[in-house]
Structures are given as C-alpha cells and as structure tokens.
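> predicted model and sequence follow; I will ask about them next.
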Amino acid sequence: MLSAAPRITRIDGFEVACQLREPIGNSRLTFDRRTSLLVRVTTDSGSSGWGETWAHVDMAAAQIREVFGPLLLGTDATTPRRAWHVAAARLGYDRRGVSTMAMGAIDLALWDCAGHIAGKPVHALLGGKLRDTVPAYVSGPFMKPGGDPYRDYEADVASYLARGFRAVKMRMGTEPAADGAMALRIRRLIGDAMPLMIDLNEGFTLEGGLAIARRIAEADLVWLEEPIAYDNLPGYRRFAASSPTPLAGGEALFGLNAFRDYLTAGVFDFVQPDLALCGGISEAMRISALADAFDVPVVPHVWGTAVNFMASLHFAACLPARRGRVPTPMFEYDPSDNALRSAFVDPPLDADGAILVPDAPGFGLDLTPERLAPYLVRHWTIEQS
C-alpha cells in the first residue's frame, strides 16, 4: 500500500539583511545593505525546502502570512506545479506585483522540498538538465558614490578576469561622453572577443538612454539592459527601433502575461526573468516556453541570496541552448560583497568560466535557521491548526 504524500504543516519567514563594506550602486540608486525574504516550508515527514523573494520584503511577507500560506497548509508537498495553480487562483487584481513575488517564494520552496522528498535535484524534477555546467558572466562592476563613479572599474574588471570570468556586464549611466569613454576602456582591457554588456538600470528617459546607447555602441556590446523604465512599453518600442545595440530586460516583469506583452512587441533580444520576482520556477518555465516560441533567448536575472542563486542555476541548466552571437543560456554571477550568498554558496568557475550544476537533492543548499541567525531581522511562522 502506498503511503500518504507528505503534507505542508508549517511555513517560516526569515527576513534577512547584511551590511556592505562600502556603498555601491547603479544609475538610479546607491545602497549599503542587502535584504531579502527567505521562506521555508516544512512537511509532516520532516522534509523542508527554501524559497526567496528579495523585493518589497514586508509586503511579500504579509501576503504569504495572510493569503498564500494558509491556502497551502495541509496540501501535498510533492506537487509544486499544482500548488502554484492553487495559489494563482487567488491573485485577483494584483497580477503583476507583490502577490506574484510572494507566490514565487513559496513556489521555489516547494520545488526545493519536492527535490528533498524525492532525493533528486530540482533539475531532474524539471525533466533533466541539458548541460553539466552553465557559462557565467560577471555582474559588475558597480558604481561608487562620491567623485568618479567609475574610478575602480578597470581594477575590478581585472580581478574578475583573474577569477576566471569570461564575460562582463557593467552598471553604467552618468552622461553619454563619460559612459562611452569608460565602455571603450573596458573593451580594450578585455579584448575584442570577450562578451561585454551594460546595464542602465532604468535610469533614463528615451532621449537620454538613446544618447548613451549611441556613445557606447563602439564598444561592441552583446546587449544594453533596461535603459528606460521597465513598464514603458511604448518607449521600448521606440528605443528598439533606434538602438544600435540589442536590448535585454525582464527582471521587473512579473508573470507570464507581462512577458507576453514585451515579446509580442518585439523589443527584447534577450529576456531576463528573475525566479524570485516573476512567480517562481513554475512560472519561469512557462515564460521560457513562450520566449522559445518567439526565438528569444532566456538569460535569467539573478539577485538576492544563495537561494535564488542556486534555484536559478537549476533553471538555467534546463533551458534550451541557443547559438547566437554568444551561446545561451548564460548565468548572472554577482561576486560583489554579499554575505547572504557567499556565506552559504561560493562556487568556483571552471577553466571555461562556467559553473558546475549540482546534483544534490533539491537546490543543493546547506541552509538552516541557525546558519541564518547572524543576518536575521525578523522571523515569523504559520502552522496547520
């Protein structure tokens, strides 16, 4: 006789933060602290799994405590896609915001938990990895406040090359002449063949972003990322029609329908769903299938803690290979100061600048509440009554 499936009996929220050694930033903001919401689901069999959302932590936590958590307590922990659809039925008016982030955090935790229950890595539950390693690109350098924001860029990039990275994405966005000059200096430093990308982090108007795009075009970029506000679809149509460089975006798009709109408009040459924001792995797999139909590569955006890092690695391992100017998928690896990642995972790169995909159960994380204690800001629990 088959035993009953493990049921979700408890959901914990861990609101965490770490202080940076020095402030860093992008074209819009400077920050000296990283924060995130980690979610752990636990079953009546003792298995557990971890999920994450890193934006609007307080609001996402409230949504999980009041809406999605109680809805999923007592349900089968081995069926994350079913749980995702049960939760999605409660999205209501907030279909492209905090509710999607909150639902995605639970979705990640359920996939991790299901992997532990089955004794398999998450990529196996998704149908099997398509590669053993994923090529990484370094997500940096970041801009510095005070004086020249690019003052450390050449030294930072040299350190990334020494560490083994074979592709670079810089944060930029001051004014066209300075941006263009620095982009060319970095291109000379890394050579003509290495992939180079620039992220403007939504910092400009259409006119300002295009002025920068024209100045940096000589640096021969693979893509220019989020030059204008993420929700300005009419602006992206105009930008794409005039840009000398391919465009990338999608980290701030939540749910399949948001990606549908941008893919239909034909404005992105690369789409970048973030698992911790877009609705989790269950939704990201649907987004990937949609992008595949439009012949647009998926390059996941990766931010936050070790949880989103490892979940994104499993997801990237399952994406179809595409042979464009640079082979995709690629993996976004932010090596800057972030104890919420590096205290738990800090994988080396191989000789080709790629990361090994783990085969341990779940996401392959060694994470416990005790190890989170130095970074804990707030802890809450909901349990099955």
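Everything's here; your move. It should be emphasised that the depicted structure is a prediction, and the values quoted were computed from it without experimental measurement.
> C-alpha from now on. contacts and neighbour counts both.
Fine.
> residue closest to the middle of the chain?
Centroid-nearest residue in the chain: Val302, 2.6 Å away (criterion: CA atoms, centre = their mean).
> which stretches of the stretch 151-300 of the chain form strands?
Taking DSSP state E, counting those that start in this stretch to define them, one finds strands in the stretch 151-300 of the chain at 168-171, 196-199, 223-225, 247-249, 270-271.
> got these as TSV, with mean neighbour count, distance to Val298 and mean pLDDT columns?
Below are the strands of the stretch 151-300 of the chain laid out as TSV (neighbours: other CA atoms under 10 Å; distance: least, CA to CA, whole Å; pLDDT from 0 to 100):
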stretch	mean neighbour count	distance to Val298	mean pLDDT
strand 168-171	23	16	98
strand 196-199	25	15	98
strand 223-225	25	13	98
strand 247-249	26	10	98
strand 270-271	25	5	98
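> in CSV, list those along with distance to Arg81.
As requested, those are exported to CSV (distance: least, CA to CA, whole Å):
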stretch, distance to Arg81
strand 168-171, 33
strand 196-199, 33
strand 223-225, 31
strand 247-249, 26
strand 270-271, 22
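> wait, which of those is closest to Ser342?
strand 168-171 (19.6 Å; CA to CA).
> and the protein, what are its domain boundaries?
What automatic domain parsing lists as the domains of the chain is 8-119+368-383, 124-356.
> can you redo those domains as a markdown table with distance to Gly362?
As requested, those are arranged in a markdown table below (distance: least, CA to CA, whole Å):
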| stretch | distance to Gly362 |
| --- | --- |
| domain 8-119+368-383 | 4 |
| domain 124-356 | 9 |
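> hang on, the earlier thing: out of the strands of the stretch 151-300 of the chain, which is closest to Val41?
Here strand 270-271 is closest among these (CA to CA), at 29.6 Å.
> ok now the closest one, how far from the chain's centre?
Mean C-alpha position of strand 270-271 versus that of the full chain (CA atoms, centre = their mean, to the nearest Å) differs by 13 Å.
> neighbouring contacts of that strand?
Trp223, Leu247, Ala248, Gly249, Gly250, Ala291, Val296, Pro297, Val298, Val299, Pro300 (CA atoms under 8 Å, 6 or more residues apart in numbering).
> the first one contacts Ala213, doesn't it?
In other words, Trp223. No: using CA atoms under 8 Å, Trp223 is not in contact with Ala213, being 10.1 Å away.
> shared neighbours of these two, anything?
Thr245.
> thinking again about what came up before, and the residue nearest to the centre of the chain, which of the three is it?
At Val302, secondary structure determined by DSSP: H, G, I helix; E, B strand; the rest coil is coil.
> next: Tyr137.
Quick answer, by three-state DSSP: Tyr137 is strand.
> any idea how far the closest residue in space to it that isn't next to it in sequence is from Pro273?
Distances taken as CA to CA, 6 or more residues apart in numbering place Ala167 nearest to Tyr137, at 4.6 Å, with adjacent residues excluded. Look at Ala167 and Pro273: by CA to CA, to the nearest Å, they are 19 Å apart.
> check Pro327 too.
18 Å.
> wait, His301 sits on Asp274?
Yes: with contacts counted by CA under 8 Å, His301 reaches Asp274, the gap being 4.7 Å.
> what sits in contact with each of those two?
Between them, His301 and Asp274 share these contacting residues under CA under 8 Å, 6+ apart: Glu251.
> the residue lying closest to Ser288 once chain neighbours are set aside: how many residues sit nearby?
Closest residue to Ser288 apart from its sequence neighbours, by CA to CA, 6+ apart: Val298 at 6.4 Å. When counting by other CA atoms under 10 Å, one arrives at 28 neighbours for Val298.
> beta partners for Val298?
Here Val298 sits in beta bridges with Val271, going by DSSP bridges.
> any idea how far Asp269 is from it?
Taking CA to CA, one finds Val298 at 9 Å from Asp269.
> so where's the chain uncertain?
1-2 (pLDDT under 70).
> in it, where's the longest helix?
Looking across the chain with DSSP state H, the single longest helix is helix 98-118.
> list the contacts of the residue nearest to Ala114 when sequence neighbours are not counted.
Distance criterion CA to CA, 6+ apart; nearest residue to Ala114, sequence neighbours excluded, is Thr78 at 4.9 Å. Counting by CA under 8 Å, 6+ apart, Thr78 touches Ala5, Pro6, Leu110, Cys113, Ala114, Ile117.
> tell me the two of those residues that are most distant?
Among these, Ala5 and Leu110 lie farthest apart (CA to CA), at 13.5 Å.
> any shared contact partners between these two?
Shared contacts of Ala5 and Leu110 (CA under 8 Å, 6+ apart): Ala77, Thr78.
> the two - which one has more neighbours?
Leu110 (32 against 15).
> my guess is that one contacts Ser47, does it?
No: between Leu110 and Ser47 there is no contact under CA under 8 Å: 10.4 Å.
> which of Pro327 and Pro273 has more residues huddled nearby?
More crowded of Pro327 and Pro273, by other CA under 10 Å: Pro273, with 31 against 11.
> that one and Ala83, how far apart?
20 Å.
> ok, which stretches of the stretch 151-300 of the chain are helices?
153-163, 176-190, 206-216, 233-242, 256-265, 275-278, 280-293 (DSSP state H, counting those that start in this stretch).
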